[in-house]
Structures are given as structure tokens and as C-alpha cells.
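*Asks:* turn this into a structure:
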Amino acid sequence: MAIDDIDRKILGLLAEDARQPLAAVGAAVGLSPSAVNERQRRLSGSGALRAIRADADPAALGLPVRAFVWLALAPLADEGAFRAAIPAHSEVTACHHVTGPWSYLLQIQVADLASVEAFLARLKAEGWLARSETILALSEVVAPPFRFRGA
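*Replies:* Next comes the predicted model:
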């Protein structure tokens with residue numbers, strides 16, 4: 001599916017505020033609400049628009065600590081099983097397969113430093129972790145929306 005400039009504008013407007021009425025999006029791009037709705041359905045159907053999500057404030061949810069964990073899988077760890085298991089960890093807000101000396105880069109959002117330590121201990125106990133390096137985020141300059149995954 002080809003995405004045109006109007007589709008890009010619609011995606012940008014939805015990224016800014018997905019709750020805005022179709023009429024407001026339509027006015028911004030010069031289309032009727034029904035035409036915007038049809039484009040939104042087409043974008044969703046093609047996979048270009050993967051989801052419309054709420055942007056929650058992690059601190060308001062009691063999860064003020066963001067950490068990035070460089071992770072090297074244990075030598076005997078089954079990578080497919082790791083990929084299947086990691087989404088069950090509610091702390092994980094992003095997981096990227098990366099190049100270089102690490103296997104994955106995880107982003108986690110937790111209540112406190114003890115929760116970072118407990119997360120790492122769980123990964124070790126589950127047999128995934130050969131080694132890791134954890135970096136704490138001190139503040140946000142630019143951040144993607146936080147998708148709350150529950151406990």
C-alpha cells in the first residue's frame with residue numbers, strides 16, 4: 001500500500017492526539033470525517049497504523065524509574081523462547097534485537113531501584129542472562145508515549 005502525504009499528515013495528527021475527532025483531523029487535511037475514517041481503516045488494515053494508544057505518565061502510575069538493560073543471552077538460552085517469554089515481563093516497555101556485543105536492548109519502567117535489581121534477578125533465575133549492563137535514565141528530553149502494560 002502506498003502512503004501519500006495526506007496519510008502521513010493523518011498519522012502525525014493521530015500521534016499528537018489520537019482522541020481528536022475525525023472532523024478535526026479532516027479539517028486539518030482537507031477531507032470529510034468519513035474520508036478520514038476510511039483512510040484510518042485502510043492504514044490500520046495495511047499495518048501502517050499499528051495501534052492507537054493512550055500516553056500514560058509512568059510517574060503517576062508509580063513507575064518513575066526508567067532503565068535500559070543491555071543483555072547478552074546465556075550460551076544455552078533458546079532465543080526463540082526468550083522472544084516469546086520477554087513480553088510477559090510487565091516491566092519491559094521495549095525490546096530490541098541489536099548488533100554488537102549484546103543480544104538485546106531492553107527498556108524497563110519500574111517503581112524503584114530495588115525493582116531494577118529484582119527484574120535482573122528474575123532474568124538470571126529464568127536462565128536468559130549471561131551478562132548485562134544497566135543504564136538509568138535521569139530525565140527525558142524526547143520520549144515516546146508510555147504504554148502501560150499493567151502488572
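*Asks:* in this protein, where is pLDDT below threshold?
*Replies:* 147-151 (pLDDT under 70).
*Asks:* all strands of it, in order?
*Replies:* Using DSSP state E, the strands of the chain run over 65-73, 92-97, 104-110, 129-136.
*Asks:* can you put those strands in JSON lines and add distance to residue 21 and mean neighbour count?
*Replies:* Placement of C-beta: from N, CA and C, glycine included. Converted to JSON lines, the strands of the chain look like this (distance: least, CB to CB, whole Å; neighbours: other CB atoms under 10 Å):
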{"stretch": "strand 65-73", "distance to residue 21": "32", "mean neighbour count": "19"}
{"stretch": "strand 92-97", "distance to residue 21": "29", "mean neighbour count": "14"}
{"stretch": "strand 104-110", "distance to residue 21": "31", "mean neighbour count": "20"}
{"stretch": "strand 129-136", "distance to residue 21": "40", "mean neighbour count": "14"}
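*Asks:* give the contact list for the closest residue to residue 23 other than its chain neighbours.
*Replies:* Spatial nearest neighbour of residue 23, excluding adjacent residues (CB to CB, 6 or more residues apart in numbering): residue 33 at 4.7 Å. Neighbouring residues of residue 33 by CB atoms under 8 Å, 6 or more residues apart in numbering: 21, 22, 23, 25, 26.
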